[in-house]
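Enquirer: Please find the sequence and the predicted model below.
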There are 2 protein chains.
Amino acid sequence: MGAVKTKRMPRAVREQQMLDAAVQIFGQRGYMAASMDEIAELAGVSKPLVYLYLNSKEDLFTACIRREAKALVEAVRAGVRPDVSADRQLWEGLGAFFAHTARTPDAWAVLHLQARTHGEPFASEVAAMREEIVAFVTQLILAAAREAHRDPDLPEREVAGLAEALVGAAESLAAWANATPGVTARQAAATMMNFAWAGLGDLMAGRPWSPPEERAGTQAEERAGTQVE
Amino acid sequence: MGAVKTKRMPRAVREQQMLDAAVQIFGQRGYMAASMDEIAELAGVSKPLVYLYLNSKEDLFTACIRREAKALVEAVRAGVRPDVSADRQLWEGLGAFFAHTARTPDAWAVLHLQARTHGEPFASEVAAMREEIVAFVTQLILAAAREAHRDPDLPEREVAGLAEALVGAAESLAAWANATPGVTARQAAATMMNFAWAGLGDLMAGRPWSPPEERAGTQAEERAGTQVE
């Protein structure tokens, strides 16, 4: 026989292609309606190969949730520089969050909608990711409080509640932004800052939160820091 | 035969007793693990009677969701006086929301957790209730903007985003409050006002939102109104 046309690909590469296809189909059709035939076709492989690699529809869905949860958490962490003021860290983290959920709407649908609406073991997978994000936000609020020398005034329980509120608000807003044509990631992040940082009170008094101008260096950061003090 | 010991009750009353028992079992055990035997026993009726009245486990669960969604929306609406300032309306609405979810933790588990984690048709039932609450909050934010003469500055889309963020934050906080021993409804509502009205910025600057003192009359309301201006 001559040269084989179909290239042999490493298993890891093929698996990622299957997961890419699966996230798209699960996100768009929903877990129940998604067919393994369609996923295999979109991935350009045979259905038995999908079962050989990922075992079952349930395991394939779990693998999608794990991969996308990890990617989301990493995107948020990577978006935040640790050496800037607290409100800027929050702005950057929210910007990274909404940019990621807007760029990967199928993955967000899998995490926020599908994984939570089809019971266990999927709900636990998402709950673990959510806890990690809540812990990250808690640290951010604590850092903001230290920066403003407010840490003795803010009981641990209040901080925990604020972090839960912030994460719930961001989740809700991401679902709305993806379902509403024309809402950009930057707009969603700005709405969240208006809501969570400025608050409705300041917003109504004509004092919205202002995004820092897009310039590097410490000048803008110092300014933002001053606002917080 | 002599007097029958078991009293004949109107169907409507019996049905409510079955729903009471079902909400408790569904909320505590989860939809999948809940048994119709246990629900019938707790309601003090025979299992065939439950099936006769409510048809199936799925229909019984749907009836629970409908009743509890209606009760929650009514509790929030009833808690808000339309003639007070916007921040006070929000405080009252949040107070009513957290009081209701704290008083009926099983019902909140059914709505927030169970109904959303077991696919259709349950998820749609909860989505309808959520839309109603988002619409209510949207009106409240618009009223606040009018009160502060900010309505031309706040685009409709921004208001819609703020309402989604607020509802998401409150849902998340209610789940956390019910899972955290010792958090009262009033504390949860105060945390939400700190988050949503004062904002993290004011909070860090030592300007939390202050609950209006518990006294009737227009004096406190006027004061609260002044704050917003």
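Expert: Yes, it's here. Quick caveat: nothing in here was measured; it's all calculated off a predicted structure.
Enquirer: Tell me how far the residue positioned nearest the centre of chain A lies from residue A:171.
Expert: Geometric centre of chain A, nearest residue: residue A:72, 4.1 Å, by Cα atoms, centre = their mean. Applying Cβ to Cβ, to the nearest Å, the value for residue A:72 to residue A:171 is 11 Å. For glycine as for every other residue, the C-beta is placed from the backbone atoms N, C-alpha and C.
Enquirer: how far away is the residue nearest to the residue nearest to the centre of chain A when sequence neighbours are not counted from residue A:197?
Expert: Leaving aside its sequence neighbours, residue A:72 sits nearest to residue A:100 (Cβ to Cβ, 6 or more residues apart in numbering or on different chains; 5.8 Å). Distance, residue A:100 to residue A:197, using Cβ to Cβ: 20 Å.
Enquirer: Looking at these two, which one has more neighbours?
Expert: A count of neighbours by other Cβ atoms under 10 Å in any protein chain shown puts residue A:197 above the other of residue A:100 and residue A:197, at 27 against 22.
Enquirer: Just confirm the more buried one is within a helix.
Expert: Yes: assessed with DSSP: H, G, I helix; E, B strand; the rest coil, residue A:197 lies in a helix.
Enquirer: Span of stretch A:148-156 from start to end?
Expert: The first and last residues of stretch A:148-156 sit 16 Å apart, counting by Cα to Cα, to the nearest Å.
Enquirer: Okay, and residue A:176 sits in which element?
Expert: In this assignment (DSSP states H and E), residue A:176 forms part of helix A:156-179.
Enquirer: name the helices or strands packed onto that helix?
Expert: Here helix A:156-179 touches helix A:86-103, helix A:105-108, helix A:122-147, helix A:185-193, helix B:156-179, helix B:185-193, going by 3 or more Cβ pairs under 8 Å, 6 or more residues apart in numbering or on different chains; DSSP states H and E.
Enquirer: so which of those helices comes closest to residue A:34?
Expert: Taking Cβ to Cβ, helix A:105-108 is the member of the helices and strands packed on helix A:156-179 nearest to residue A:34, at 11.1 Å.
Enquirer: contact partners of that closest one?
Expert: Contact with helix A:105-108 is made by A:23-24, A:26-28, A:64, A:68, A:71-72, A:101, A:174-175, A:178, as judged by Cβ atoms under 8 Å, 6 or more residues apart in numbering or on different chains.
Enquirer: can you check stretch A:51-69 too?
Expert: A:11, A:14-15, A:18-19, A:22-23, A:26, A:31, A:34, A:36, A:39, A:50, A:104, A:107, A:110-111, A:114-115, A:118, A:121-122, A:125-126, A:128-129.
Enquirer: Dump the C-alpha coordinates for it into CSV.
Expert: These are the backbone C-alpha positions of stretch A:51-69, laid out as CSV (Å, rounded to 0.1, in the frame of the first residue of the first chain):
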residue,chain,number,x,y,z
TYR,A,51,-16.5,5.9,22.9
LEU,A,52,-13.1,4.3,23.0
TYR,A,53,-11.5,7.5,24.1
LEU,A,54,-14.2,9.1,26.3
ASN,A,55,-16.2,6.0,27.4
SER,A,56,-19.8,7.3,27.5
LYS,A,57,-21.9,10.4,26.9
GLU,A,58,-21.8,11.1,30.6
ASP,A,59,-18.0,10.9,30.8
LEU,A,60,-17.7,13.0,27.7
PHE,A,61,-19.9,15.7,29.3
THR,A,62,-17.9,15.5,32.5
ALA,A,63,-14.7,15.9,30.6
CYS,A,64,-16.1,19.0,28.8
ILE,A,65,-17.1,20.5,32.2
ARG,A,66,-13.7,19.9,33.7
ARG,A,67,-11.8,21.3,30.7
GLU,A,68,-14.0,24.4,30.4
ALA,A,69,-14.1,25.1,34.2
